[in-house]
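Engineer: below are the sequence and a predicted model for it; my questions follow.
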Amino acid sequence: MPLLQRYLWTQAFWPTVMTLAALTLLALLTQSLQTLDLIVENRQSALTFLKITGLALPQLIGIILPLAAFMAALYALNRMNGDSEIIVAKAAGASPWQIGSPLIRLGILALVVHLLITLFIQPSAFREMRAEILEVRTDLASQLVQAGEFVSPTRNLTLYARNIGVGGELQDVLIHDARDPEDVITHTAKTGVVQRTPAGAALLLSDGTVQQQLPDGSLDVIQFKNYRLDLSDAFAFDTRLRLKPSDLYLHELLRPDPRNFIYGTQKQEFGAEGHSRLAAPLYNVALIMLALCFMVRGEHQRLGYSRRIIICAALGFILRILGFAAASAAEADTALNAVQYAIPGLIILLGGVYLSRRGRVRKRGSRRRIAAYEAGLAAMTGSKAQPLDAAY
């Protein structure tokens with residue numbers, strides 16, 4: 001029996017890994033389209049795009065993992081049923097629990113991995129991603145200047161830079177500042193760097209000139225080595241990092257700091273997110289139990305198990321959707337947090353009871369098959385049909 005269990009573990013483990021990888025890649029491509037818009041709009045590098053996309057990976061894996069394990073379990077059990085390996089195992093005296101124990105262990109392993117993701121990896125990755133997105137949105141160089149174009153980020157202020165180098169350094173800069181009609185100034189510089197200040201923004205210019213027309217019509221030109229141009233009245237960015245419930249750790253969700261302003265306005269969302277982190281991993285075991293109930297128990301189907309697989313797959317996806325719906329509804333009613341645990345917990349309980357039941361012989365169907373067999377035997381031998389038990 002250990003040999004059979006090792007074989008079933010192999011049949012289910014690697015399909016789980018491959019299914020998880022394929023579905024995660026597909027979801028990652030979909031997710032990256034939203035990130036791509038942000039990157040292109042703010043003219044960021046490909047490295048920034050890959051970093052933000054990669055930081056969304058833990059959440060995607062957490063969503064897909066129960067479904068990947070479920071699909072792999074159906075695949076492995078259907079393959080073994082098609083090769084009559086489960087029938088042979090039953091004939092050798094294996095119980096449904098003995099046959100299904102490798103898949104249950106796989107579900108428990110997926111549950112542990114899922115918990116590690118939701119409790120530790122996802123919050124850490126999401127905080128880093130939120131900080132990176134804030135950095136992109138408040139990148140003053142991309143907001144102020146477009147290489148090779150004259151840009152007016154605010155009224156009566158025109159900026160030009162021939163090129164934007166590595167690190168956001170502006171090259172060959174021209175600034176025409178007419179915000180004060182009585183003091184119109186033109187700045188030129190070889191290089192410039194945009195910096196954030198508590199008040200807003202400033203532009204540090206190097207190796208340039210300040211040109212101003214005097215009342216008599218002459219042009220006053222002053223050369224400088226370094227010059228700081230204040231742009232705080234034109235740009236004021238909120239650089240505070242604001243975390244969402246999905247960015248917080250479990251203790252911050254279930255026992256938050258009452259001084260947290262966001263908690264005061266999203267108290268129910270905090271609780272729903274925290275309980276969802278604990279309840280979602282249970283689906284790794286619940287869906288595998290569902291697959292075992294459909295594919296291990298019951299009579300052998302010579303024509304295949306397509307109907308069972310379709311019903312089981314549809315039921316599994318419906319249950320997972322109900323789990324998402326319960327988590328969403330719990331944001332409005334905290335009493336529904338119990339439903340998040342009840343759905344997978346009930347499936348595990350009922351599945352365990354069903355797998356533990358002893359199979360019952362259908363006496364009525366068995367008698368009909370025996371009678372048909374006796375009638376056929378009598379027709380071939382030309383003798384009177386005799387009950388099988390009497391013949392022995």
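Structural biologist: Looks like it arrived, so ask away. Residues are numbered from 1 along each chain as shown.
Engineer: flag the shaky bits of the stretch 101-250 of the chain, pLDDT-wise.
Structural biologist: 138-144, 166, 197-200, 233-239 (pLDDT under 70).
Engineer: ranges for the strands of it?
Structural biologist: Taking DSSP state E, counting those that start in this stretch, the strands of the stretch 101-250 of the chain run over residues 151-154, 157-164, 170-177, 185-197, 200-213, 219-230.
Engineer: of those strands, which is nearest Ile347?
Structural biologist: With C-beta to C-beta as the measure, strand 185-197 is the member of the strands of the stretch 101-250 of the chain nearest Ile347 (52.1 Å). Where you see a C-beta, it was placed from the backbone N, CA and C, and this is true even at glycine.
Engineer: ok, residues contacting that closest one?
Structural biologist: 138, 140-141, 144-145, 161, 168-177, 201-212, 227, 229, 232, 237, 239 (C-beta atoms under 8 Å, 6 or more residues apart in numbering).
Engineer: only whichever of those residues are buried, select them in PyMOL.
Structural biologist: This is the PyMOL syntax for the buried subset of the contacts of strand 185-197, where burial follows 16 or more other C-beta atoms under 10 Å:
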select buried, resi 138+140+141+144+145+161+168+169+170+173+174+175+176+177+201+202+203+205+208+210+227+229
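Engineer: which stretch among the strands of the stretch 101-250 of the chain comes nearest Leu349?
Structural biologist: Closest to Leu349 of the strands of the stretch 101-250 of the chain is strand 185-197 (C-beta to C-beta; 56.0 Å).
Engineer: list the buried residues in the closest one.
Structural biologist: 185-189, 191-194.
Engineer: that strand to strand 219-230, inter-axis angle?
Structural biologist: Strand 185-197 and strand 219-230 are oriented at 10 degrees to each other (axes from the mean of the first three to the mean of the last three C-alpha atoms, to 10 degrees).
Engineer: quick one, domains of this structure?
Structural biologist: Listed by automatic domain parsing, the domain ranges of the chain are 2-137+242-360, 144-230.
Engineer: any idea which of those is most buried?
Structural biologist: When the domains of the chain are scored by mean count of other C-beta atoms under 10 Å, the highest mean neighbour count falls to domain 2-137+242-360 (a mean of 17).
Engineer: Leu55 and Pro123 touch, don't they?
Structural biologist: No. Between Leu55 and Pro123 there is no contact under C-beta atoms under 8 Å: 11.4 Å.
Engineer: tell me which of the strands of the stretch 101-250 of the chain sits nearest to Leu119.
Structural biologist: strand 185-197 (34.1 Å).
Engineer: sheet partners, orientation included, of the closest one?
Structural biologist: strand 170-177 (antiparallel), strand 200-213 (antiparallel) (DSSP bridges).
Engineer: that strand: how far from the chain's middle?
Structural biologist: In this view, strand 185-197 has its centroid 42 Å away from the chain centroid, taken as C-alpha atoms, centre = their mean, to the nearest Å.
Engineer: same question, stretch 38-45
Structural biologist: Distance of stretch 38-45 from the chain centroid (C-alpha atoms, centre = their mean) equals 23 Å.
Engineer: in the chain, which helix has the most residues?
Structural biologist: Secondary structure of the chain per DSSP state H: the longest helix is helix 2-41.
Engineer: show me what that one is packed against.
Structural biologist: Secondary-structure packing of helix 2-41 (3 or more C-beta pairs under 8 Å, 6 or more residues apart in numbering; DSSP states H and E): helix 46-55, helix 57-82, helix 96-116, helix 122-137.
Engineer: what does the helix or strand following the second one contact?
Structural biologist: Sequence order places helix 85-91 as the next helix or strand after helix 57-82, per DSSP states H and E. Applying C-beta under 8 Å, 6+ apart, the external contacts of helix 85-91 come out as 4, 77, 80-81, 98-99, 295-296, 300.
Engineer: what's the answer for stretch 308-318, then?
Structural biologist: With C-beta under 8 Å, 6+ apart, stretch 308-318 has contacts from 67, 70-71, 74, 78, 287, 290-291, 294-295, 298, 301.
Engineer: just curious, which of the residues you listed is nearest to Ile104?
Structural biologist: Ala291 (10.5 Å).
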